[in-house]
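Enquirer: Build me a model:
(chains A, B, C and D)
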There are 2 protein chains.
Amino acid sequence: MATRSSGLSGLEGNRQVGRLAPVRRASTVDLIAERLREAVVDGSLPPGTVLGEAELAYQLGVSRGPLREAMQRLTAEGLLVIPRRRGLAVRTMTIEDVRDIHWLRARIEPELGRRILTLPPAERRTVLAELGAEVKRMQRALKKDDARALGDAYLDFHRVLAVWGGSLRLARMLGTLLIETRLCTFSMFEHFEVHRDLVPEHVAFVEALAAEDGERFDLLVQAHLEAEVRRLLAEPEDSKEDESDRLHAETPDEPQPLDRLDLPEGL
Amino acid sequence: MATRSSGLSGLEGNRQVGRLAPVRRASTVDLIAERLREAVVDGSLPPGTVLGEAELAYQLGVSRGPLREAMQRLTAEGLLVIPRRRGLAVRTMTIEDVRDIHWLRARIEPELGRRILTLPPAERRTVLAELGAEVKRMQRALKKDDARALGDAYLDFHRVLAVWGGSLRLARMLGTLLIETRLCTFSMFEHFEVHRDLVPEHVAFVEALAAEDGERFDLLVQAHLEAEVRRLLAEPEDSKEDESDRLHAETPDEPQPLDRLDLPEGL
DNA sequence: GATAATCTGATTGTCGACAAACTTACAATA
DNA sequence: TATTGTAAGTTTGTCGACAATCAGATTATC
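Expert: Alright, predicted model coming up:
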């Protein structure tokens, strides 16, 4: 993925000779958290997975202390859930979550496009180039019917939007939302699905940005996200009925599935 | 503050007799995190404070393990910063942060109002009542010139918006943003400041909602947040010049202030 | 036969300790 | 006098262990 610049140095025009960016070694906790995020994203830890601390710590080659710290971080991000005295579980997204996540993205991503259009021309060209590259990745993946690669390119496409169009804070938020999006996919389907529409939709995104048409970009993104929700919830073009109890029917009266409870009550 | 309902039970029409919400005892980590958040909000840990783990753990009456876990959580929320081998520091917000936070809030809060207007009338009345109560608190605080109380009521007012207008995820996000807003105040001023405009602005919010005028609410919130940024950055009505180096001038060439670096590189 | 009580095994939550790393201060040299 | 090298002290990062707690299975009782 494209990292704009490390640390705080990205302020335009502040480039001073001899001023080096501070070195920042990642702590063990960072490493573990990153590893867990990867595992969640690439599906090696599907939603609902319940893991023991000791076992997981052994696999990662660390002791339980740093692992527990990393768990707390991932919990705050909403990817993990810590049922008391049962280790950790990968969060399972509900229909509500799907709607919520995409609603939030629809609130944020159009603005990113608008912001990108206000960048100086040189940077804007860079963004377009990076976005174009991701689209090419998507096309290649589609040709090979490689759903995994397609999904990854999709994630990176939107990450590029976040990194260039947003602040650090916004990029972080959207990054989390994107991982959650992936979790939605895993939660709703057994396997990846190849959505052929995805590629033309993203081609249109880039075209709208190239044409400096923020308004069109806005509409396209909205449409894409709505379509995405429809695909995830497997609603046909016109929703037939309220599907909010389809999933409830799966868990008729059991106490709680162990991984959809327990968001930390962070205020 | 007003808590809508604990856990997952807030789904309308799902009220089943005999179905109890699961009990959820807060873990030690939860308690510590909550305590730290409080301390940040009420100003007993002003931005830039650097604390040693051992000392802090002793004060809280816990060992370093749980404390470190709580630290990670607060770090993920952006309130704390963990410089390597220097304990923990309360984050200092920069001018960029002020703009960013309020930009995000301006993206989210108007939508909350719109959502609240779609609630069933009974619930909507409750919301209006709660909001009205917070405004009354603000008025009382203003009369006593109690900046602290005014600020607290302000926070709770917006928390009510988040709880009723948003999902769990959204409420959590906005909750964090609100704490960060408070951190902005502490970062920019030495002490609380009483903003007399705050009260009429919030009265207008409630009126707009009571009149079911989402459009007006939107505009009012935008205006309020812009005014808030102006107040925080102490820009007079028309910004005279680029103030982005005013703060840089405070820290001319020192390496880094120890608490504005090091956001976790969360994807 | 079903429900309740008991027991056991395993896992977590917490703590204390050790060693490595870093900061600060001091001294030596150019 | 300024700068670099050295050393001591402090704090963190990590680990191992203990004990309380909980889940599951077994047994007893109605």
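Enquirer: Now the closest residue to DNA strand D within the stretch 51-200 of chain A. Its backbone dihedrals?
Expert: Across the stretch 51-200 of chain A, the shortest distance to DNA strand D (Cβ to the nearest atom of the strand) belongs to A:Ser63, at 2.8 Å. All C-beta atoms are positioned from the backbone trio N, CA, C, and that covers glycine. Per-residue torsions, A:Ser63: phi -90, psi 170 (degrees, to the nearest 10).
Enquirer: and the residue of the stretch 101-250 of chain A at minimum distance from chain B, what element?
Expert: When distances are taken as Cβ to the nearest Cβ, the stretch 101-250 of chain A approaches chain B most closely through A:Gly175, which lies 3.6 Å from it. Element membership of A:Gly175, judged by DSSP states H and E, is helix A:168-188.
Enquirer: Can you give me the buried ones in that helix?
Expert: Going by neighbour count (16 or more other Cβ atoms under 10 Å in any protein chain shown), the buried part of helix A:168-188 is A:168-188.
Enquirer: same for it, what does it pack against?
Expert: Packed against helix A:168-188, as judged by 3 or more Cβ pairs under 8 Å, 6 or more residues apart in numbering or on different chains; DSSP states H and E, are the following elements: helix A:28-41, helix A:95-116, helix A:147-165, helix A:214-233, helix B:95-117.
Enquirer: In TSV: the ones you listed, plus mean pLDDT and distance to DNA strand C.
Expert: Shown next, in TSV, are the helices and strands packed on helix A:168-188 (pLDDT from 0 to 100; distance: least, Cβ to the nearest atom of the strand, whole Å):
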stretch	mean pLDDT	distance to DNA strand C
helix A:28-41	91	11
helix A:95-116	94	24
helix A:147-165	94	28
helix A:214-233	95	31
helix B:95-117	94	24
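Enquirer: related to what we said a few turns ago, tell me which residues touch the residue of the stretch 51-200 of chain A closest to DNA strand D, please.
Expert: Taking Cβ atoms under 8 Å, 6 or more residues apart in numbering or on different chains as the contact definition, A:Ser63 lies against A:Ala57.
Enquirer: List the residue ranges of chain A that fall below the pLDDT cut-off.
Expert: Along chain A, the model assigns pLDDT under 70 to residues A:1-20, A:22, A:235-267.
Enquirer: residues from it in reach of DNA strand D?
Expert: Taking Cβ under 7 Å from any atom of the strand as the criterion, chain A approaches DNA strand D at residues A:27-29, A:62-66, A:84-86.
Enquirer: let's see it at 6 Å
Expert: If contact is defined as Cβ under 6 Å from any atom of the strand, the residues of chain A in contact with DNA strand D are A:27-29, A:62-63, A:65-66, A:85.
Enquirer: Of the residues you listed, grab the buried ones for ChimeraX.
Expert: In ChimeraX, the members of the residues of chain A next to DNA strand D classed as buried (16+ other Cβ under 10 Å) are selected with the following command:
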select /A:27,29,62,66
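Enquirer: of the residues of chain A next to DNA strand D, closest to B:Ala57?
Expert: Taking Cβ to Cβ as the measure, B:Ala57 sits nearest to A:Gly65 out of these, at 14.0 Å.
Enquirer: For the closest one, pull up the helix or strand it's in.
Expert: Counting by DSSP H and E, the secondary-structure element that holds A:Gly65 is helix A:64-77.
Enquirer: And the next helix or strand after that helix, what does it pack against?
Expert: Sequence-wise, the next helix or strand downstream of helix A:64-77 (DSSP H and E) is strand A:80-81. When contacts are defined as 3+ Cβ pairs under 8 Å, 6+ apart, strand A:80-81 sits against helix A:64-77, strand A:88-90.
Enquirer: right, so of those, which gets closest to chain B?
Expert: Judged by Cβ to the nearest Cβ, the one of the helices and strands packed on strand A:80-81 that comes nearest to chain B is helix A:64-77, at 3.7 Å.
Enquirer: Give me the contacts around that closest one.
Expert: If you take Cβ under 8 Å, 6+ apart as the criterion, helix A:64-77 is touched by A:28-29, A:32-33, A:36-37, A:53-54, A:56-57, A:60, A:80-82, A:88, A:176, A:179, A:264, A:266, B:29, B:65, B:68-73, B:75-77, B:264, B:266.
Enquirer: May I see the buried residues of it?
Expert: By neighbour count, with 16+ other Cβ under 10 Å as the criterion, the buried positions of helix A:64-77 are A:66-77.
Enquirer: Please name the residues that touch the residue nearest the centre of chain A.
Expert: What sits nearest the mean C-alpha location of chain A, by Cα atoms, centre = their mean, is A:Leu178, with 1.3 Å. Listed by Cβ under 8 Å, 6+ apart, the contact partners of A:Leu178 are A:155, A:158-159, A:162, B:267.
Enquirer: got it, and A:Arg99?
Expert: For A:Arg99, the contact set (Cβ under 8 Å, 6+ apart) comprises A:Val229.
Enquirer: Number of residues surrounding the closest residue to A:Ala210 other than its chain neighbours?
Expert: Distance criterion Cβ to Cβ, 6 or more residues apart in numbering or on different chains; nearest residue to A:Ala210, sequence neighbours excluded, is A:Leu128 at 5.9 Å. For A:Leu128, the tally of surrounding residues (other Cβ atoms under 10 Å in any protein chain shown) stands at 17.
Enquirer: so who does A:Leu128 touch?
Expert: A:206, A:209-210.
Enquirer: Neighbour count says what about the residues you listed? Which are buried?
Expert: Among the contacts of A:Leu128, those that count as buried by neighbour count (16+ other Cβ under 10 Å) are A:206, A:209.
Enquirer: Now flag whichever of the contacts of A:Leu128 is closest to B:Ala234.
Expert: For these, the nearest to B:Ala234 is A:Leu209 (36.0 Å; Cβ to Cβ).
Enquirer: That closest one: what secondary structure?
Expert: helix (DSSP: H, G, I helix; E, B strand; the rest coil).
Enquirer: ok, it to DNA strand C distance?
Expert: Using Cβ to the nearest atom of the strand, to the nearest Å, A:Leu209 is found at 42 Å from DNA strand C.
Enquirer: I figured that residue hits A:Glu130, correct?
Expert: No. Contact between A:Leu209 and A:Glu130 fails when scored by Cβ atoms under 8 Å: they sit 11.3 Å apart.
Enquirer: Okay, domains of chain A per the record?
Expert: Annotated domains of chain A cover A:28-92, A:95-233 [automatic domain parsing].
Enquirer: can these go into JSON lines with extra columns for distance to B:Leu117?
Expert: Written out in JSON lines, the entries for those read as follows (distance: least, Cβ to Cβ, whole Å):
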{"stretch": "domain A:28-92", "distance to B:Leu117": "27"}
{"stretch": "domain A:95-233", "distance to B:Leu117": "16"}
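Enquirer: show me which of the buried residues of helix A:168-188 neighbour DNA strand C.
Expert: Restricting the buried residues of helix A:168-188 to those adjacent to DNA strand C (criterion: Cβ under 6 Å from any atom of the strand) removes every one of them.
Enquirer: Would you agree A:Arg25 is in contact with B:Arg85?
Expert: No. Using Cβ under 8 Å, A:Arg25 is not in contact with B:Arg85; the gap is 11.0 Å.
Enquirer: ok, A:Arg84 touching B:Ser27?
Expert: Yes. In this structure, A:Arg84 is within contact of B:Ser27 by Cβ under 8 Å, at 6.7 Å.
Enquirer: can you pull the contacts of A:Gly78?
Expert: Residues near A:Gly78 by Cβ under 8 Å, 6+ apart: A:91, A:176, A:180, A:263, B:169, B:172.
Enquirer: about what we covered before: for the residues of chain A next to DNA strand D, work out which two are farthest apart.
Expert: A:Ser27 and A:Arg85 (27.0 Å).
Enquirer: What residue in the stretch 1-150 of chain A comes nearest to DNA strand C?
Expert: Evaluated by Cβ to the nearest atom of the strand, the stretch 1-150 of chain A has A:Gly87 as its residue closest to DNA strand C, separated by 3.0 Å.
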